[in-house]
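Visitor: Just need the structure, nothing else, for what follows:
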Amino acid sequence: MMAESLPLVLVPGLNCSPRLYAAQLPALWRFGPVMIADHTRDDTMARIAGRILDTAPPRFALAGLSMGGYIALEIMRQAAARVARLALLDTGSRADTPEASARRHTNIARVQAGEFEDVIGPQFPLYVHPARADDAALKADYLAMCREVGPQAYVRQQKAIMARVDSRPLLAAIRCPTLVLVGAQDEATPPALAQEMAAAIPGARLVTVPDCGHLSTMEQPQAVTEALVAWMST
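Guide: A predicted model of the protein is given here:
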């Protein structure tokens, strides 16, 4: 007999749509209703998190990948008592670096100049394991996500990411069962960032997925699904 149903809120990453979690949904759905959060309508982390909380169940499990992880930490800042479990996938808890913000400003300017397609295509190899850089099917799924988000929402998301606060002071106060997962070859949010979070969150479980870059749910779906099922089962 399964445990009592627990709703699950999944937060996609920058330029990512519900497609990011497609491979995980059949397994996670067994634990309770699954909601894919909308993170496209606001340009600050506080407002994105507030909008998600307005539509989320009273108490829920929460998972986010990359930007979704930044949003999940902001949700913890606003309403930790509502979060029964937390999963932080391929993300970090630090504020944006000046170098990263400079790249975001450049990409925003290019997208606003009508170069969205020219921005998203070359980014794909940065987000996957080197062996997948020429994976046509995976790239097609990635580009489909980007187009589902669209250029206007992409700009809002980049502005929110640039202005995010340092969440490291929050980590020690997290009390719910927490999974921290990262691809072993994640260059966008390297394993050191996951290790830092897992060490700071009491009782957190760290999972490093072999042969995997930043888009772990799509690159190594079975390994990530197994980790999430274990997290929901404990």
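
Visitor: any idea how far the residue nearest the centre of the chain is from residue 112?
Guide: For the chain, the residue nearest the mean C-alpha position is residue 65 (1.5 Å; CA atoms, centre = their mean). Distance, residue 65 to residue 112, by CB to CB, to the nearest Å: 26 Å. For the C-beta atoms, the positions are set from N, CA and C on the backbone; glycine is no exception.

Visitor: likewise residue 177?
Guide: 42 Å.

Visitor: Also residue 202?
Guide: In terms of CB to CB, residue 202 sits 43 Å off from residue 112.

Visitor: Then residue 60?
Guide: Residue 60 sits 35 Å away from residue 112 when distances are taken as CB to CB.

Visitor: In terms of neighbours, single out the busier of the two.
Guide: Higher neighbour count among residue 60 and residue 112: residue 60, with 20 against 13, using other CB atoms under 10 Å.

Visitor: ok, residue 169 to residue 228 distance?
Guide: Summarising the geometry, the distance separating residue 169 from residue 228, computed by CB to CB, is 27 Å.

Visitor: Neighbour count for the two, which is higher?
Guide: Taking neighbours as other CB under 10 Å, residue 169 and residue 228 compare with residue 228 leading, 26 against 11.

Visitor: Return the set of buried residues in the helix or strand hosting that one.
Guide: Assigned by DSSP states H and E, residue 228 belongs to helix 221-233. Of all the residues in helix 221-233, those buried under the rule 16 or more other CB atoms under 10 Å are 223, 224, 225, 227, 228, 231, 232.

Visitor: Would you mind measuring from the fourth one to residue 198?
Guide: What it means is residue 227. Taking CB to CB, one finds residue 227 at 13 Å from residue 198.

Visitor: Flag the shaky bits of this protein, pLDDT-wise.
Guide: Applying pLDDT under 70 to the chain picks out residues 1-3.

Visitor: That one: helices as residue ranges?
Guide: Counting by DSSP state H, the chain forms helices over residues 25-28, 45-55, 67-79, 98-112, 116-123, 136-149, 151-162, 168-171, 191-200, 216-219, 221-233, given from the N-terminal end onward.

Visitor: quick one, which of those is packed in tightest?
Guide: Of all these, helix 216-219 has the most neighbours on average by mean count of other CB atoms under 10 Å, namely a mean of 26.

Visitor: quick one on the thing from earlier: would you turn the helices of the chain into JSON lines with distance to residue 185?
Guide: As requested, the helices of the chain are arranged in JSON lines below (distance: least, CB to CB, whole Å):
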{"stretch": "helix 25-28", "distance to residue 185": "24"}
{"stretch": "helix 45-55", "distance to residue 185": "27"}
{"stretch": "helix 67-79", "distance to residue 185": "18"}
{"stretch": "helix 98-112", "distance to residue 185": "19"}
{"stretch": "helix 116-123", "distance to residue 185": "16"}
{"stretch": "helix 136-149", "distance to residue 185": "14"}
{"stretch": "helix 151-162", "distance to residue 185": "22"}
{"stretch": "helix 168-171", "distance to residue 185": "24"}
{"stretch": "helix 191-200", "distance to residue 185": "9"}
{"stretch": "helix 216-219", "distance to residue 185": "9"}
{"stretch": "helix 221-233", "distance to residue 185": "13"}
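
Visitor: quick revisit: by contact count, what packs against the helix holding residue 228?
Guide: helix 25-28, strand 83-89, strand 178-183, strand 205-209, helix 216-219 (3 or more CB pairs under 8 Å, 6 or more residues apart in numbering; DSSP states H and E).

Visitor: Tabulate these (CSV), appending distance to residue 193.
Guide: Rendered in CSV, the data for those read as follows (distance: least, CB to CB, whole Å):
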stretch, distance to residue 193
helix 25-28, 24
strand 83-89, 10
strand 178-183, 8
strand 205-209, 11
helix 216-219, 14
